[in-house]
Structure formats: structure tokens, C-alpha cells
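**Student:** have a look at this prediction, sequence included:
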Amino acid sequence: MSVLLSSEFFNDIITDQFVGNTINNHGIFTFSTKKGWVNMLVVGISACLLGEKVRYDGGDKKNPVLLAQKERQISYIPICPEAQCGMGVPREPMQLEGDPQKPRLVTVNSRIDKTAILSNWSKAQITVLQKNKIDGFIFKNRSPSCGLEVTVHNSSKTATKPQGMGLFAQQVKNSFVDLPMAQDDDLQNQENIQKFIMEMKHPTPQPSREQDG
Ligand code: SF4
């Protein structure tokens, strides 16, 4: 089994004086350093949360609590769907519009529909991720690409804003059954991160749906 590794991960290994690696019986990537064997959870993450300057305005959304896990139990796979699909940095901000169940990704000012480019790139990226083993995914919330809970804009004047899911996050959710997923808003302290780590180590299978008819 191959594992897609980030450049940051290699830096970590070098820092810890890496001497070997393997996949253990539980499918968990492990590596040996002069400090001893370490079981690493392999976790996809919105790249801006690790401090990569990939946001539409050229900034980041660095989360120090999440970043600190790199030194401990997590090997991150940083992904920025918008930058990596070719939209570049900086870029015009976008928002979700239309049907919350099937929203479209549209630039706010120039009104260009970016749904196809983001969706097609996401499908290809999912295929890459499926060839590797990931234990979980951490998303930047409210992003029209990465968010798990995102406002979907439409013409109705309802008091409550309809909620949808970012296009890339939706494809990850559809493609990885039972994969533990979290949003950065819920991982702001060590206690919640440890709960998420335990969920990744011992994922709870979702009950199968009853057949209609
Ligand atoms: S939220 Fe997602 S698409 Fe937006 S900058 Fe972060 S990683 Fe990129």
C-alpha cells in the first residue's frame, strides 16, 4: 500500500531522524525514529489550516492547535481544492448558490460558474486518495469548497439561511464510507482533538440503511 506524503511530513521525519517505515496490521502508517516507533494517523486537511497561503486573498487560516499535532500522532495531507484545481492565488471569492442539495459554485462579482472545474478536480483527487489510506479529514468550515456547513445563497428571502456542504467536502463524504470528518471550528482545543483522534483510531461504522419496499 502506498501512502501519499506531504513535504511537511518528510520534514518531520528528517527532524526526528527517521530510520524506517511500514504499514501495520491495522493499516496505520508507522515510522521508526531514534525516539522509537510511532503510529501515525494519515489525515487529509484543508491546506490553509496548516498555514499555507492559499486562500482567495493570499492569506491562510493557520490553526496552531491542529498544526501542533504534526509533531505527535498525525501525518497531514494538505489539500487546497481551489488553488490546486488551477484557480490560482489570489482569486476572486466564490459562494454556493441555488439548490442546497446540489449547489453551484459561483464567483461573487464576475458571476462565473466554477462548479465543473472544482467538481472534476475533486473527482480526480478522490481517486488519488482512495489509492492510499486516510484515517480522517479535517475541513475548513464555511468554505464553499471545503466547508461541512456552508450557507447556500438563493433568491428566496427566508429568515434562516439554507445550509449545504462545500463541493470538495461533499465528494469526500460520498466517497469514503464511515470516514471520521471534522471541521476546524470543532477542533479548537486539545480535548476535542484527542476525541477526534480516538474516533479515527476506532471508527464507528454507520448503521446500514434499510431497503425501501
Ligand atoms: S478553505 Fe479549502 S479551498 Fe479555501 S483556501 Fe482553505 S483549503 Fe483552499
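**Tutor:** Looks like it arrived, so ask away.
**Student:** give me the nearest residue to Ala83, chain neighbours excluded.
**Tutor:** Nearest residue to Ala83, sequence neighbours excluded (CB to CB, 6 or more residues apart in numbering): Val54, at 4.3 Å. Bear in mind the C-beta positions are built from the backbone N, C-alpha and C, glycine included.
**Student:** whoops, I mixed them up, Ser46
**Tutor:** Nearest to Ser46 is Lys140, by CB to CB, 6+ apart, at 3.8 Å.
**Student:** and that neighbour, how many neighbours?
**Tutor:** Neighbour count of Lys140, defined by other CB atoms under 10 Å: 24.
**Student:** next one: Leu179
**Tutor:** Neighbours of Leu179 (other CB under 10 Å): 16.
**Student:** cool, Gln125 as well?
**Tutor:** Per other CB under 10 Å, the neighbour tally for Gln125 reads 19.
**Student:** tell me which residues of the helix or strand encompassing it come out buried.
**Tutor:** Using DSSP states H and E, Gln125 maps to helix 115-131. Of the residues in helix 115-131, Thr115, Ile117, Leu118, Ser119, Trp121, Ser122, Gln125, Ile126, Leu129 count as buried by neighbour count, 16 or more other CB atoms under 10 Å.
**Student:** do stretch 66-77 as well
**Tutor:** For stretch 66-77, by 16+ other CB under 10 Å, it's Leu66, Gln69, Lys70, Gln73, Ile74, Ser75, Tyr76, Ile77.
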